[in-house]
Each structure stands twice: as C-alpha cells, then as structure tokens.
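[1] Give me a 3D structure for the following:
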Amino acid sequence: MNIYVVMKRTFDTEEKVEINDGVIDEEGAEFVINPYDEYAIEEAIVLKDAHGGEVTVVTVGDEEAEKELRTALAMGADQAVLLDTEDLDEEVDHYTISEMLAAYFKDKEYDIILGGNVAVDDGAGQVAPRLAEKLDINQLTTITKLEIDGTTANIERDIEGDVEIVETQLPLLVTCQQGLNEPRYPSLPGIMKAKKKPLDTLDLDDLDLDEDDLEAKTKTVDRYLPPEKEAGKKLEGEPAEQVRELVDLLKNEAKVI
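    Sure thing, here's the model as predicted:
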C-alpha cells in the first residue's frame, strides 16, 4: 500500500503562548506535531503493519519543521517530505497549503492519505478536504475506526455525538479524530533509525509552481488571547431566593434575557 500522511507543525497548546502585536512569539513557544495528526501517523503505521507498503509523511513549512518530521519517522514512518515555503514572501493560508500539497500529489500513486481532523492552532479543518477535492478522490472526515479489505474501506465517523458507518473505495482521504487509536511514543531504536531515513525538501521549482499561484485568499487581521475569566458568584439562601437572584443577574447584569 502507498500510504501518505499530511502533517502540520503547531505550537504546543499545553505550554504558555505569548502574543505580541498579534503575532505569536515563536522564540518562547514550543512546537510539536499537531496532536490530531499523531492519530493519522499512528493509523498509517497500523495500516502498513497489516497490509504492507510504505508510509510517507508530508508537511508544508520551513526548515524548522524537519524536527517534527524526524519525530514522525521515529514513530515508524518510512520517509518524509518537506514542501518548503521559504520562497513565499507573504503569509500562507489554507489555500496556499492545499495547492502546494496538490502539486506534490499530482504525479504520486497513493491508496490512502490521512490527516488530522483539525489543527489545534486554528481549528479550521480545511486543508485535507481541499486536497481531496483537488485530487478528485473520496474523502471522509472525523473518522474513529478504519478497516480496509482490498480496495474497500469500512469506516466509522463521529457525527456530533453519534456514529455514522460508511463503506467506500480507495483511493481515499480521511481525517482522524480522537478515539481512532492511541499514538505511540518514539522508541530509542526508532529515534536512531529516523536519523538515517530519507527526508526530502522540495521548493516551488520542484513543484512546478510560481509564487503568484499561491497567493493567500485570506488575511489574518489580529490574534489575541481570550480574556481572563472573572471570579464566579455563589448564590446564597433558599432555592426560590437563588432562582430570583439568578434571573435578576441574567437580566440586569449579564443581559442575556
């Protein structure tokens, strides 16, 4: 099987994030593989173990993303590819990323492409579906179970608290949700092997793209942290008194009724 994973490098949301003038302070930020993409990498390795083949992890970004690609290789992927954005002067968006990925995949043979359901830094969930549309292949999002028999995929997907069961055909793109698996930690032998696995870097010329082809369709106007939560209020007295006070607060202070 030819198995691909679309991966994103994101800042670690469990660490403190500093924002200065609408820009994330990358000097003080910790970066990791997007957690939802870890489910995709794990599932790709599971598929390889069951069906044979190779796992290739692809990301769009600058040379700093090589660290996260090496982590994916240490988890068990066979090779990695960095689609370098160094030649792009302007900010990239979901359109830019999906166009670069589509250019990479246009001459590739693939049975399945996996990605995370969303990225924790923007939560958009756009890149993978855009890519599937460009490649004109089947796509399913938020999957929580995947079984492949020949060219048939049987899938369970999360749909707002319920489960949808779908049968579809390869080639296929899926995005992975929490509950699909438990991503493994890179082992020491895996980390050592990762240093010798191929990691290729492709620029715009390699992808036969011009900078004008990749101009972002959206612009980030501002970024800011949510306001700090104010202390809550504790209602005293009998239940009937608490209800009257709550209604008064909702009406006159919160102004939601």
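[2] any idea which helix or strand carries the residue nearest to E42 when sequence neighbours are not counted?
    In space, and not counting its chain neighbours, E42 is closest to P183: 4.2 Å by Cβ to Cβ, 6 or more residues apart in numbering. Where C-beta positions appear, they are placed from N, C-alpha and C, glycine not excepted. Under the criterion of DSSP states H and E, P183 resides outside all helices and strands.
[3] Who are the contact partners of P183?
    E38, Y39, I41, E42, M75 (Cβ atoms under 8 Å, 6 or more residues apart in numbering).
[4] Look up how far V243 lies from it.
    When distance is defined by Cβ to Cβ, to the nearest Å, P183 is 47 Å away from V243.
[5] repeat for G150
    62 Å.
[6] Which one's more surrounded, the two?
    Between G150 and V243, counted using other Cβ atoms under 10 Å, V243 has the larger neighbour count: 12 against 8.
[7] can you confirm that one is in a helix?
    Yes: counting by DSSP: H, G, I helix; E, B strand; the rest coil, V243 is located in a helix.
[8] What distance do you get for it to D158?
    37 Å.
[9] now for the helix or strand hosting Y36, which elements pack on it?
    Using DSSP H and E, Y36 sits within helix 35-51. For helix 35-51, the packing partners by 3 or more Cβ pairs under 8 Å, 6 or more residues apart in numbering; DSSP states H and E come out as strand 2-7, strand 54-61, helix 66-75, strand 112-116, strand 138-149, strand 172-176.
[10] Reformat those as TSV; add distance to A194.
    TSV is the format used below for these (distance: least, Cβ to Cβ, whole Å):
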stretch	distance to A194
strand 2-7	14
strand 54-61	11
helix 66-75	4
strand 112-116	19
strand 138-149	25
strand 172-176	21
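[11] which one of these lies closest to D208?
    strand 54-61 (15.7 Å; Cβ to Cβ).
[12] Show me what the mean pLDDT comes to for the closest one.
    For strand 54-61, mean pLDDT is 97.
[13] domains for the protein, by residue range?
    As assigned by automatic domain parsing, the chain contains the domains 2-214, 231-257.
[14] Most tightly packed of these?
    Sort the domains of the chain by mean neighbour count, taking mean count of other Cβ atoms under 10 Å, and domain 2-214 sits at the top with a mean of 17.
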